[in-house]
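Trainee: Sequence plus the predicted model coming up.
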Amino acid sequence: MLENLKIGILGGGQLGAMIIRQAIDLGLSASIMDKDAHAPCSRYTSSFFCGDPASFEAILEFGKGLDVITIEKEAVNINALRQLEKQGVRIFPAPDTIEVIQDKFTQKQFLLSHHIPVVPGEAIQGKKDLYQYENKLPLCLKKRRDGYDGYGVMVLKTKGDIAAAFDAPCVVEELVDIKHEISVIVARNEYGAVACYDPVMMVFSEEKFVLDYQIAPAQIDKEILKKATILAGEVADALKLVGILAVEMFVTKENKLLVNELAPRPHNSGHHTIEASITSQYEQLLRAVLGLPLGDPGLRFPSLMMNILEGATLNTDKRGKLNRLLDIPGAHLHWYGKEGNRPGRKIGHVTVTDNTIENVIAKAASIRKILN
């Protein structure tokens, strides 16, 4: 029975907390490992292991006695996961899958080898290598490893920007003439069954490379959305994915699709599935890694998900603002309970649902005014 399974999650942030919520519905008990003793998950499980998921020894200790391990972050020790596999622990997504995606250049090369269209890019070792690209500016620079929520991404517009560039192994990419940014969440189980969620439109902050809000379903040409869904399924099959995957894509001005980045775990662009979809991405992940039938990914109604970032404006009358937000019909607040103070980080999100996309957008505009 499911209640006898011992499941481990590497990473104790808000994604892990939302997985725990669905695990409870399935009668599951989840153990969590995170290097932050005060990570959001620490309050939701009696089995919290304080250790670094990037540490070989910590993962081996954490994995003792577990049946299945999954992830809510990519920065995990692959060698330790392979060792646990040899000891009989089931690891999903597979270590090979995680390893391909951990490195943005390796990820790009893998996709190209499977004839998946990607944003063109080249690998460099450090800042000094950038000067050979002076005549190709502007360019996008991404750290090959450990970038998330806009950290590890910058646009180089002039030669002067190179002096402040990352001095680490990076990928240099062409700046694509983008019409839309979309994301498709896709699930796949061991038996090869695939379930794709409706593509969502993503709108990013102009100041930081972090998702501001997303709309589901994406309000763009249906033929493009159909092609995006097929492409996401092809990526999942190429990776032999067992679990859930976010496939972020660009729609160019010529209506071509290019895969931008992959995330082999629940994703910010899929938060809306908790309220708006028949099966949330978090339940779907558990179904996939436990060998259960995949759930229906269909939308129940239109939605908009807006990130709430740490900042001075919200800290003024926070309780009053959140009360006004919750007074709006169809507004669903998720507060992560993060400790400390780091301006710009995600501290919560709100999902707005209604019967029409027009109503959703109008309500989201009201919430934006409240939060600002």
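Mentor: Arrived safely, thanks for sending.
Trainee: going on from the lengthiest helix in the chain, what's the next piece of helix or strand?
Mentor: As assigned by DSSP state H, the longest helix anywhere in the chain is helix 222-239. The helix or strand immediately downstream of helix 222-239 is strand 243-252, counting by DSSP states H and E.
Trainee: Surely residue 15 is in a strand?
Mentor: No - per DSSP: H, G, I helix; E, B strand; the rest coil, residue 15 lies outside any strand segment and is helix.
Trainee: State the distance from the nearest residue to it once chain neighbours are set aside to residue 148.
Mentor: Excluding its sequence neighbours, the residue lying closest to residue 15 (C-beta to C-beta, 6 or more residues apart in numbering) is residue 72, at 3.9 Å. Just so you know, the C-beta spots here come from the backbone N, C-alpha and C atoms, and that holds for glycine as well. For residue 72, the distance to residue 148 equals 11 Å [C-beta to C-beta, to the nearest Å].
Trainee: And these two? Which one has more around it.
Mentor: Legend: neighbour count by other C-beta atoms under 10 Å for residue 72 and residue 148, higher for residue 72 (24 against 14).
Trainee: Name the surrounding residues that touch the longest helix of the chain.
Mentor: 93, 97, 100-101, 110-111, 114, 116-117, 182, 184-188, 192, 194, 196, 198-199, 217-218, 245, 247, 249, 251, 255, 257, 259, 262, 264 (C-beta atoms under 8 Å, 6 or more residues apart in numbering).
Trainee: and the angle for that helix with strand 243-252?
Mentor: With axes from the mean of the first three to the mean of the last three C-alpha atoms, to 10 degrees defining the directions, helix 222-239 sits at 140 degrees from strand 243-252.
Trainee: mind saving the C-alpha coords of helix 222-239 as PDB?
Mentor: What follows is helix 222-239, C-alpha atoms only, in PDB (Å, rounded to 0.1, in the frame of the first residue of the first chain):
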ATOM      1  CA  LYS A 222      -4.000  27.300 -31.500                       C
ATOM      2  CA  GLU A 223      -1.800  25.700 -34.100                       C
ATOM      3  CA  ILE A 224       1.300  26.900 -32.300                       C
ATOM      4  CA  LEU A 225       0.000  25.600 -29.000                       C
ATOM      5  CA  LYS A 226      -0.600  22.200 -30.600                       C
ATOM      6  CA  LYS A 227       2.900  22.100 -32.000                       C
ATOM      7  CA  ALA A 228       4.300  23.100 -28.500                       C
ATOM      8  CA  THR A 229       2.500  20.300 -26.800                       C
ATOM      9  CA  ILE A 230       3.800  17.800 -29.300                       C
ATOM     10  CA  LEU A 231       7.300  19.200 -28.900                       C
ATOM     11  CA  ALA A 232       7.200  18.900 -25.100                       C
ATOM     12  CA  GLY A 233       6.100  15.200 -25.500                       C
ATOM     13  CA  GLU A 234       9.100  14.600 -27.800                       C
ATOM     14  CA  VAL A 235      11.500  16.100 -25.300                       C
ATOM     15  CA  ALA A 236      10.100  13.900 -22.500                       C
ATOM     16  CA  ASP A 237      10.500  10.800 -24.700                       C
ATOM     17  CA  ALA A 238      14.000  11.700 -25.700                       C
ATOM     18  CA  LEU A 239      15.000  12.100 -22.000                       C
END
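Trainee: what about the residue positioned nearest the centre of the chain, distance to residue 179?
Mentor: The chain has residue 267 as the residue nearest its centroid, 2.6 Å off, counting by C-alpha atoms, centre = their mean. Using C-beta to C-beta, residue 267 is found at 22 Å from residue 179.
Trainee: Same check on residue 202?
Mentor: Distance from residue 202 to residue 179, by C-beta to C-beta: 12 Å.
Trainee: before we move on, which element is residue 360 in?
Mentor: helix 357-371.
Trainee: Please report phi then psi for the residue nearest to residue 15.
Mentor: phi -120, psi 10 (degrees, to the nearest 10).
Trainee: re earlier: are any of the contacts of helix 222-239 buried, and if so which?
Mentor: 93, 97, 100-101, 110-111, 116, 182, 184-188, 194, 196, 198-199, 217-218, 245, 247, 249, 251, 257, 259, 262, 264 (16 or more other C-beta atoms under 10 Å).
Trainee: roughly how far apart are the closest residue to the residue nearest to the centre of the chain other than its chain neighbours and residue 155?
Mentor: In this structure, residue 267 finds its nearest non-sequential neighbour in residue 246, 3.4 Å apart by C-beta to C-beta, 6+ apart. Counting by C-beta to C-beta, the separation of residue 246 from residue 155 is 22 Å.
Trainee: Looking at the two, which is more packed in?
Mentor: Neighbours were counted for residue 246 and for residue 155 using other C-beta under 10 Å; residue 246 has more, 22 against 13.
Trainee: is it true that the more buried one touches residue 273?
Mentor: No - using C-beta atoms under 8 Å, residue 246 is not in contact with residue 273; the gap is 11.4 Å.
Trainee: Now for the two: what residues contact both?
Mentor: Among the neighbours of residue 246, those also in contact with residue 273 (C-beta under 8 Å, 6+ apart) are residue 185.
Trainee: How about the contacts made by residue 348?
Mentor: 307, 308, 333, 334, 335, 336.
Trainee: Give me the below-cutoff pLDDT ranges for the stretch 101-250 of the chain.
Mentor: 149-150, 207-209 (pLDDT under 70).
Trainee: Now do the SS call for the residue located most distally from the centre of the chain.
Mentor: In terms of distance from the mean C-alpha position of the chain, residue 135 ranks first, at 33.7 Å (C-alpha atoms, centre = their mean). Going by three-state DSSP, the secondary structure assigned to residue 135 is helix.
Trainee: and it, how far is that from residue 109?
Mentor: In terms of C-beta to C-beta, residue 135 sits 25 Å off from residue 109.
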